Each structure stands twice: as structure tokens, then as C-alpha cells.
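Chemist: For reference, the sequence and a predicted model appear below.
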Amino acid sequence: MIKFRYTILVVITIILFACTSDPEQTQEITPKKQKVKVDVPIFNADSAYYFVEKQVSFGPRVISSKGWKNCAIWLEKKMKTYTPNVIIQEALITTYDGKNHTLKNIIATFSPEKNNRIALFAHWDSRHIADHDTENKDSPILGANDGGSGVGVLLEM
């Protein structure tokens, strides 16, 4: 019985020593990744809010309205202060009420030579009626919390 216990003790000791490793003999299978420092710009909420306020100052930005046209001019100029790559897309449309308009997309691109980029969008116009309002359903809205806020955030970014 003593021999059996001695044999078990020896086997357990061999297993324990076999499972340990010497740090000098350990080899990494995958190389360590270099840490890349990324400079993240600070988001200025006051600036984003100013951009919303500026859009709202043009009044409702209903397609083909004076506010819509003036805001489009401002947006194009503002984007050109950030990048020379500003594209204006226009398309003729007829709306549900039979009126003819010209749609306008204002697109700014950054680093167009790169293959891996992201696309961020927001609409800058506002609705011609406030159909969810309880009192002014037939009035146009300013769109501060809709198109205005999306564009304000994108301009600040």
C-alpha cells in the first residue's frame, strides 16, 4: 500500500512539473500588435447648436422656398471651408401635389482617394406642414430637432 501511495505521489509530481513552463522558454504564437495613437477631435456641442440655430434662422426650409434656397447657399459655402470636395446634385421632381421642384443634395467628401471611408447623411430641408402638431397642423415647421440637428452634428464633426 505504501508503494502504491508513493507511485501516485510521483505521478502527480511529474504531471505538475510537466504543466509548468519556464518564462524564458515560452514563445508567443502571435506577434504583439503595435498600439496606434488616434487623435480624436473634441466635439463642441455649442458649435453644433450654433449650426442648428443658423439653419433655423433661414425660416422653414421647405423645398423651393426662400429659406430653403438661402440655407442651401450657406451650407455649400460652409462645407467648402472644410473641404474643396463639395458636390451639388440636383434633380427635377414633381411632388404629390403636382408641383414641380428641383431637389438638391449637398455632399462634402473627405479623403476621396481612400478606399475605406464611411458615409454619414442628414437631410437639411424641413416639412411643409406640421401634421403632428395639435394646433398648427397646416403650418411649415422650422425643423430644428429634425434636419437641423442632424446637419448641425455633421458640420461639427
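Modeler: Happy to help now that I have it. Everything quoted here is computed from the prediction, not taken from an experiment.
Chemist: Please report phi then psi for the closest residue in space to Pro140 that isn't next to it in sequence.
Modeler: In this structure, Pro140 finds its nearest non-sequential neighbour in Pro60, 3.6 Å apart by CB to CB, 6 or more residues apart in numbering. Bear in mind the C-beta positions are built from the backbone N, C-alpha and C, glycine included. Here is the backbone geometry of Pro60 (degrees, to the nearest 10): phi -60, psi 140.
Chemist: what's the burial count for Pro60?
Modeler: Residues near Pro60, counting by other CB atoms under 10 Å, number 20.
Chemist: Isn't it up against His128?
Modeler: Yes. In this structure, Pro60 is within contact of His128 by CB atoms under 8 Å, at 7.5 Å.
Chemist: Need the overlap of contacts for those two.
Modeler: Common contacts of Pro60 and His128, defined by CB atoms under 8 Å, 6 or more residues apart in numbering, comprise Pro140.
Chemist: From the centroid of this structure, which residue is nearest?
Modeler: Leu120 (5.3 Å; CA atoms, centre = their mean).
Chemist: Can you list the low-confidence ranges for the protein?
Modeler: Applying pLDDT under 70 to the chain flags the ranges 1-29.
Chemist: how about a cut-off of 90?
Modeler: 1-41, 96, 126-147 (pLDDT under 90).
Chemist: And the strands in the chain?
Modeler: 86-94, 100-108 (DSSP state E).
Chemist: Deepest-packed of those, please.
Modeler: Stretch with highest mean neighbour count among the strands of the chain: strand 100-108 (a mean of 14; mean count of other CB atoms under 10 Å).
Chemist: CA-only coordinates of it in CSV, if you can.
Modeler: Listed next in CSV are the C-alpha coordinates belonging to strand 100-108 (Å, rounded to 0.1, in the frame of the first residue of the first chain):
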residue,chain,number,x,y,z
ASN,A,100,-42.5,70.9,-59.9
HIS,A,101,-39.4,71.4,-57.8
THR,A,102,-35.7,70.8,-58.0
LEU,A,103,-34.2,68.5,-55.3
LYS,A,104,-30.8,69.4,-54.0
ASN,A,105,-28.2,67.2,-52.3
ILE,A,106,-25.1,68.9,-50.9
ILE,A,107,-22.3,66.4,-50.5
ALA,A,108,-18.9,67.0,-48.9
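Chemist: All good on my end, thank you.
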